[in-house]
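> Predicted model and sequence follow; I will ask about them next.
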Amino acid sequence: MTMHKAAIGVFDSGIGGLTVASEIVRRLPNEDLIYLGDTARLPYGTKSAATVVRYADRAVELLLRYPVKLVVIACNTASAHALEPLRAASEMPILGVIGPGARAAAAATRGGPIAITGTEATIRSQAYQKALRALLPDATLHATPWPLLVPLAEEGWVDHAVSRLTVRTYLEPFVELGVDTLVLGCTHYPVFKPLIRQVLEEDFGGYPLALVDSAEAVTDELAALLDERDLHAPTRDGRRSFFCTDAPERFARVGTTFFEGEVAPVFPVDL
Ligand code: DGL
(Lines give C-alpha, C1' and ligand atoms only; values in the text may rest on other atoms or scores of the structure.)
Protein backbone atom coordinates (compact mmCIF):
# COMPACT_ATOMS: atom_id res chain seq x y z
CA MET A 1 0.00 0.00 0.00
CA THR A 2 1.34 3.46 -0.85
CA MET A 3 1.27 6.15 1.81
CA HIS A 4 -1.32 8.07 -0.22
CA LYS A 5 -3.93 5.46 0.51
CA ALA A 6 -3.12 5.22 4.22
CA ALA A 7 -5.61 6.73 6.67
CA ILE A 8 -5.51 9.81 8.86
CA GLY A 9 -5.45 8.68 12.50
CA VAL A 10 -7.45 10.87 14.89
CA PHE A 11 -7.41 10.49 18.65
CA ASP A 12 -9.33 11.95 21.60
CA SER A 13 -10.21 10.84 25.12
CA GLY A 14 -13.83 10.35 23.97
CA ILE A 15 -16.29 11.70 21.44
CA GLY A 16 -15.09 15.34 21.54
CA GLY A 17 -12.49 14.78 18.83
CA LEU A 18 -15.35 13.89 16.48
CA THR A 19 -15.86 17.68 16.11
CA VAL A 20 -12.39 17.76 14.53
CA ALA A 21 -12.93 14.51 12.58
CA SER A 22 -16.13 15.98 11.17
CA GLU A 23 -14.29 19.01 9.79
CA ILE A 24 -11.54 16.76 8.35
CA VAL A 25 -14.14 14.59 6.57
CA ARG A 26 -15.99 17.67 5.27
CA ARG A 27 -12.84 19.25 3.84
CA LEU A 28 -10.94 16.11 2.80
CA PRO A 29 -13.67 13.64 1.78
CA ASN A 30 -11.30 11.34 -0.13
CA GLU A 31 -9.25 10.54 2.95
CA ASP A 32 -9.75 7.38 5.01
CA LEU A 33 -10.05 8.17 8.70
CA ILE A 34 -9.41 5.96 11.73
CA TYR A 35 -10.73 7.49 14.95
CA LEU A 36 -9.88 6.33 18.45
CA GLY A 37 -11.83 7.53 21.49
CA ASP A 38 -10.35 6.40 24.81
CA THR A 39 -13.78 6.28 26.46
CA ALA A 40 -12.63 3.91 29.21
CA ARG A 41 -10.19 6.48 30.58
CA LEU A 42 -12.15 9.69 29.95
CA PRO A 43 -11.95 12.35 31.30
CA TYR A 44 -8.29 13.16 30.69
CA GLY A 45 -8.86 16.75 31.78
CA THR A 46 -8.83 16.01 35.50
CA LYS A 47 -5.72 13.78 35.36
CA SER A 48 -2.06 14.63 36.03
CA ALA A 49 0.30 15.45 33.16
CA ALA A 50 2.18 12.15 33.61
CA THR A 51 -1.02 10.13 33.33
CA VAL A 52 -2.19 12.04 30.24
CA VAL A 53 1.19 11.43 28.57
CA ARG A 54 0.98 7.69 29.37
CA TYR A 55 -2.59 7.39 28.02
CA ALA A 56 -1.82 9.39 24.86
CA ASP A 57 1.26 7.30 24.23
CA ARG A 58 -0.78 4.07 24.31
CA ALA A 59 -3.48 5.56 22.09
CA VAL A 60 -1.03 6.70 19.41
CA GLU A 61 0.76 3.35 19.60
CA LEU A 62 -2.55 1.66 18.80
CA LEU A 63 -3.26 3.97 15.83
CA LEU A 64 0.22 3.27 14.46
CA ARG A 65 -0.60 -0.45 14.26
CA TYR A 66 -2.96 0.47 11.41
CA PRO A 67 -1.98 1.87 8.02
CA VAL A 68 -1.97 5.57 8.92
CA LYS A 69 0.07 8.33 7.25
CA LEU A 70 -0.26 10.90 10.01
CA VAL A 71 -1.97 11.41 13.35
CA VAL A 72 -4.09 14.30 14.64
CA ILE A 73 -4.30 14.59 18.43
CA ALA A 74 -7.87 15.93 18.48
CA CYS A 75 -7.72 16.52 22.23
CA ASN A 76 -6.43 19.74 23.75
CA THR A 77 -5.49 18.03 27.02
CA ALA A 78 -3.36 15.42 25.25
CA SER A 79 -1.94 18.05 22.85
CA ALA A 80 -0.99 20.28 25.79
CA HIS A 81 0.90 17.58 27.65
CA ALA A 82 1.88 14.87 25.18
CA LEU A 83 2.48 16.45 21.75
CA GLU A 84 6.18 17.10 22.24
CA PRO A 85 7.04 13.65 23.71
CA LEU A 86 4.93 11.93 21.03
CA ARG A 87 6.64 13.86 18.25
CA ALA A 88 10.05 13.09 19.69
CA ALA A 89 9.25 9.37 19.77
CA SER A 90 7.82 8.97 16.26
CA GLU A 91 8.80 9.47 12.62
CA MET A 92 5.12 9.95 11.79
CA PRO A 93 3.86 13.54 11.43
CA ILE A 94 1.73 14.30 14.49
CA LEU A 95 -0.50 17.38 14.66
CA GLY A 96 -1.94 18.86 17.85
CA VAL A 97 -4.80 21.31 18.28
CA ILE A 98 -3.31 23.99 20.56
CA GLY A 99 -1.10 25.78 18.01
CA PRO A 100 -3.87 25.95 15.38
CA GLY A 101 -6.40 27.08 18.03
CA ALA A 102 -4.10 29.86 19.23
CA ARG A 103 -3.49 31.04 15.65
CA ALA A 104 -7.25 31.12 15.03
CA ALA A 105 -7.75 33.19 18.22
CA ALA A 106 -5.00 35.63 17.24
CA ALA A 107 -6.74 36.10 13.88
CA ALA A 108 -10.17 36.56 15.49
CA THR A 109 -9.46 39.09 18.26
CA ARG A 110 -10.21 42.77 17.72
CA GLY A 111 -7.52 43.71 20.21
CA GLY A 112 -9.51 43.19 23.40
CA PRO A 113 -8.82 40.65 26.14
CA ILE A 114 -8.93 36.99 25.09
CA ALA A 115 -10.64 34.33 27.19
CA ILE A 116 -9.33 30.79 27.16
CA THR A 117 -11.24 27.83 28.43
CA GLY A 118 -10.61 24.09 28.39
CA THR A 119 -10.15 21.26 30.84
CA GLU A 120 -8.36 21.80 34.15
CA ALA A 121 -5.27 20.00 32.81
CA THR A 122 -5.16 22.15 29.65
CA ILE A 123 -5.51 25.43 31.54
CA ARG A 124 -2.98 24.33 34.16
CA SER A 125 -0.46 23.44 31.42
CA GLN A 126 -0.48 27.11 30.24
CA ALA A 127 -0.15 25.74 26.69
CA TYR A 128 -2.67 28.20 25.18
CA GLN A 129 -1.34 31.08 27.23
CA LYS A 130 2.21 30.40 25.96
CA ALA A 131 1.10 29.90 22.34
CA LEU A 132 -0.95 33.11 22.40
CA ARG A 133 1.77 35.16 24.10
CA ALA A 134 4.18 34.08 21.37
CA LEU A 135 1.74 35.44 18.76
CA LEU A 136 0.39 38.47 20.64
CA PRO A 137 2.90 39.47 23.35
CA ASP A 138 0.76 42.38 24.61
CA ALA A 139 -2.61 40.62 24.73
CA THR A 140 -4.51 40.36 27.99
CA LEU A 141 -5.43 36.72 28.60
CA HIS A 142 -7.97 35.30 31.04
CA ALA A 143 -8.03 31.51 31.44
CA THR A 144 -10.61 29.45 33.35
CA PRO A 145 -11.46 25.75 33.02
CA TRP A 146 -15.04 24.72 32.19
CA PRO A 147 -14.87 21.10 33.38
CA LEU A 148 -18.61 20.43 33.54
CA LEU A 149 -19.03 20.75 29.78
CA VAL A 150 -17.22 17.45 29.14
CA PRO A 151 -19.71 15.17 30.96
CA LEU A 152 -22.62 17.27 29.63
CA ALA A 153 -21.33 16.77 26.07
CA GLU A 154 -20.74 13.06 26.63
CA GLU A 155 -24.33 12.89 27.86
CA GLY A 156 -25.48 14.52 24.60
CA TRP A 157 -27.09 17.40 26.55
CA VAL A 158 -26.15 20.05 24.00
CA ASP A 159 -29.25 22.20 24.54
CA HIS A 160 -30.48 20.94 27.92
CA ALA A 161 -31.57 23.41 30.65
CA VAL A 162 -28.71 22.20 32.88
CA SER A 163 -26.20 22.93 30.11
CA ARG A 164 -27.75 26.35 29.54
CA LEU A 165 -27.36 27.31 33.20
CA THR A 166 -23.80 25.92 33.22
CA VAL A 167 -22.84 27.88 30.11
CA ARG A 168 -24.40 31.06 31.54
CA THR A 169 -22.53 30.64 34.82
CA TYR A 170 -19.23 30.04 33.03
CA LEU A 171 -19.69 32.93 30.57
CA GLU A 172 -20.61 35.62 33.10
CA PRO A 173 -17.11 36.38 34.49
CA PHE A 174 -15.66 36.55 30.96
CA VAL A 175 -18.40 38.97 29.88
CA GLU A 176 -17.68 41.11 32.96
CA LEU A 177 -14.01 41.17 31.99
CA GLY A 178 -14.97 42.51 28.56
CA VAL A 179 -13.29 39.77 26.51
CA ASP A 180 -13.79 39.91 22.74
CA THR A 181 -12.72 36.35 21.87
CA LEU A 182 -13.32 33.00 23.56
CA VAL A 183 -11.07 30.04 22.81
CA LEU A 184 -13.03 26.81 23.21
CA GLY A 185 -9.89 24.90 24.12
CA CYS A 186 -11.47 21.49 24.48
CA THR A 187 -12.76 19.49 21.53
CA HIS A 188 -15.90 18.62 23.49
CA TYR A 189 -16.99 22.27 23.63
CA PRO A 190 -17.82 23.25 20.01
CA VAL A 191 -21.12 21.33 20.18
CA PHE A 192 -22.20 24.03 22.65
CA LYS A 193 -21.56 26.91 20.22
CA PRO A 194 -25.26 27.36 19.35
CA LEU A 195 -26.13 27.36 23.08
CA ILE A 196 -23.34 29.83 23.89
CA ARG A 197 -24.58 32.15 21.12
CA GLN A 198 -28.14 31.85 22.44
CA VAL A 199 -27.07 32.70 26.01
CA LEU A 200 -25.01 35.68 24.79
CA GLU A 201 -28.02 36.90 22.87
CA GLU A 202 -30.72 36.31 25.49
CA ASP A 203 -28.90 36.79 28.80
CA PHE A 204 -26.07 39.17 27.92
CA GLY A 205 -27.85 41.58 25.56
CA GLY A 206 -26.26 40.26 22.36
CA TYR A 207 -22.73 40.56 23.76
CA PRO A 208 -20.30 40.33 20.79
CA LEU A 209 -17.91 37.45 21.32
CA ALA A 210 -15.86 35.62 18.69
CA LEU A 211 -15.95 31.87 19.40
CA VAL A 212 -12.83 30.04 18.33
CA ASP A 213 -12.09 26.34 18.19
CA SER A 214 -9.31 24.35 16.58
CA ALA A 215 -11.25 22.17 14.15
CA GLU A 216 -10.95 24.39 11.08
CA ALA A 217 -7.46 25.60 11.89
CA VAL A 218 -6.00 22.12 12.43
CA THR A 219 -7.69 20.93 9.23
CA ASP A 220 -5.99 23.81 7.34
CA GLU A 221 -2.68 22.62 8.77
CA LEU A 222 -3.46 19.02 7.87
CA ALA A 223 -4.40 19.91 4.28
CA ALA A 224 -1.18 21.96 3.94
CA LEU A 225 0.88 19.02 5.22
CA LEU A 226 -0.77 16.63 2.74
CA ASP A 227 0.05 19.13 -0.06
CA GLU A 228 3.60 19.64 1.09
CA ARG A 229 4.37 15.91 1.39
CA ASP A 230 2.26 14.95 -1.62
CA LEU A 231 0.20 12.59 0.53
CA HIS A 232 -3.38 13.27 -0.60
CA ALA A 233 -5.54 10.16 -1.11
CA PRO A 234 -6.65 9.34 -4.66
CA THR A 235 -10.11 10.62 -5.64
CA ARG A 236 -12.66 8.23 -4.15
CA ASP A 237 -15.02 8.06 -1.17
CA GLY A 238 -12.93 7.94 2.01
CA ARG A 239 -13.81 5.26 4.55
CA ARG A 240 -14.26 5.88 8.26
CA SER A 241 -13.70 3.48 11.12
CA PHE A 242 -14.05 4.17 14.79
CA PHE A 243 -12.47 2.50 17.77
CA CYS A 244 -13.28 3.10 21.41
CA THR A 245 -12.06 1.56 24.63
CA ASP A 246 -15.49 1.27 26.31
CA ALA A 247 -19.21 1.23 25.52
CA PRO A 248 -19.18 1.19 21.68
CA GLU A 249 -23.01 1.37 21.35
CA ARG A 250 -23.05 4.52 23.45
CA PHE A 251 -20.15 5.99 21.46
CA ALA A 252 -22.06 5.40 18.19
CA ARG A 253 -25.27 6.85 19.59
CA VAL A 254 -23.94 10.01 21.26
CA GLY A 255 -21.25 10.42 18.59
CA THR A 256 -23.84 11.41 15.96
CA THR A 257 -24.27 14.75 17.81
CA PHE A 258 -20.59 15.49 17.18
CA PHE A 259 -20.01 13.96 13.76
CA GLU A 260 -21.79 14.77 10.53
CA GLY A 261 -22.39 11.33 9.16
CA GLU A 262 -22.80 7.87 10.56
CA VAL A 263 -20.54 6.89 13.44
CA ALA A 264 -20.00 3.33 12.17
CA PRO A 265 -18.49 0.84 12.25
CA VAL A 266 -17.38 1.18 15.89
CA PHE A 267 -14.96 -1.47 17.17
CA PRO A 268 -14.21 -2.02 20.86
CA VAL A 269 -10.49 -2.05 21.58
CA ASP A 270 -8.30 -2.42 24.67
CA LEU A 271 -5.22 -0.27 25.16
N1 DGL B 1 -11.69 16.54 24.47
C2 DGL B 1 -10.64 16.69 25.40
C3 DGL B 1 -9.90 18.01 25.14
O4 DGL B 1 -9.96 18.54 24.05
C5 DGL B 1 -10.93 16.65 26.86
C6 DGL B 1 -11.95 15.81 27.47
C7 DGL B 1 -11.44 15.11 28.71
O8 DGL B 1 -11.36 15.72 29.79
O9 DGL B 1 -11.08 13.95 28.54
O10 DGL B 1 -9.23 18.50 26.01
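Looks like it arrived, so ask away. Numbering: from 1, shown residues only.
> Output the below-cut-off pLDDT ranges for the stretch 101-250 of the chain.
Within the stretch 101-250 of the chain, no range satisfies pLDDT under 70.
> Okay, strands next: where are they in it?
Using DSSP state E, counting those that start in this stretch, the strands of the stretch 101-250 of the chain run over 114-118, 141-143, 181-185, 210-212, 240-244.
> got the ones you listed as a markdown table, with distance to the ligand and mean neighbour count columns?
Glycine gets a C-beta too; all of them are placed from N, C-alpha and C. A markdown table is the format used below for those (distance: least, Cβ to the nearest ligand atom, whole Å; neighbours: other Cβ atoms under 10 Å):
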| stretch | distance to the ligand | mean neighbour count |
| --- | --- | --- |
| strand 114-118 | 6 | 27 |
| strand 141-143 | 14 | 17 |
| strand 181-185 | 7 | 27 |
| strand 210-212 | 14 | 19 |
| strand 240-244 | 13 | 22 |
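> Between those, which one is closest to residue 71.
The closest of these to residue 71 is strand 240-244. By Cβ to Cβ, the value is 13.3 Å.
> and this protein, which of its residues are near the ligand?
Within reach of the ligand by Cβ under 6 Å from any ligand atom, the chain has these residues: 12-14, 16, 42-45, 75-77, 118-119, 122, 150, 186-188.
> What's the nearest residue in the stretch 1-150 of the chain when you look at the ligand?
residue 45 (2.8 Å; Cβ to the nearest ligand atom).
> ok, for that residue, nearest residue in space, not its chain neighbours?
residue 119 (2.4 Å; Cβ to Cβ, 6 or more residues apart in numbering).
> In contact with the one you found, which residues?
Each residue near residue 119 by Cβ atoms under 8 Å, 6 or more residues apart in numbering is listed here: 43-46, 76-77, 145, 147, 150, 186.
> which non-adjacent residue is nearest the most centrally placed residue in the chain?
Residue closest to the average C-alpha location in the chain (Cα atoms, centre = their mean): residue 187, at 2.9 Å. Ranked by Cβ to Cβ, 6+ apart and with sequence neighbours excluded, the top spatial neighbour of residue 187 is residue 16, at 3.8 Å.
> isn't the one you found right up against residue 153?
Yes. Between residue 16 and residue 153 there is a contact at 6.5 Å, judged by Cβ atoms under 8 Å.
> Tell me the residues that contact both of the two, please.
With Cβ under 8 Å, 6+ apart as the test, residue 16 and residue 153 both reach 188-189, 258.
> Only the buried subset of the residues you listed, as a ChimeraX command please.
Entered in ChimeraX, the line below selects the buried ones among the shared contacts of residue 16 and residue 153, by 16 or more other Cβ atoms under 10 Å:
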select :188,189,258
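> would a markdown table of the shared contacts of residue 16 and residue 153 with distance to residue 198 be doable?
Supplementary listing: those in a markdown table, determined by distance: Cβ to Cβ, whole Å:
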| residue | distance to residue 198 |
| --- | --- |
| 188 | 18 |
| 189 | 15 |
| 258 | 19 |
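> Name the nearest of the shared contacts of residue 16 and residue 153 relative to the ligand.
Proximity of the shared contacts of residue 16 and residue 153 to the ligand was ranked by Cβ to the nearest ligand atom; the top entry is residue 188 with 4.5 Å.
> In contact with the closest one, which residues?
Counted by Cβ under 8 Å, 6+ apart, residue 188 has contacts 14-16, 19, 149-150, 153-154.
> Could you report the neighbour count for residue 271?
When neighbours are defined as other Cβ atoms under 10 Å, residue 271 has 14 of them.
> mind listing which of the shared contacts of residue 16 and residue 153 are in helices?
Assigned to helices by DSSP state H, none of the shared contacts of residue 16 and residue 153 qualify.
> Fine, thanks again, bye for now.
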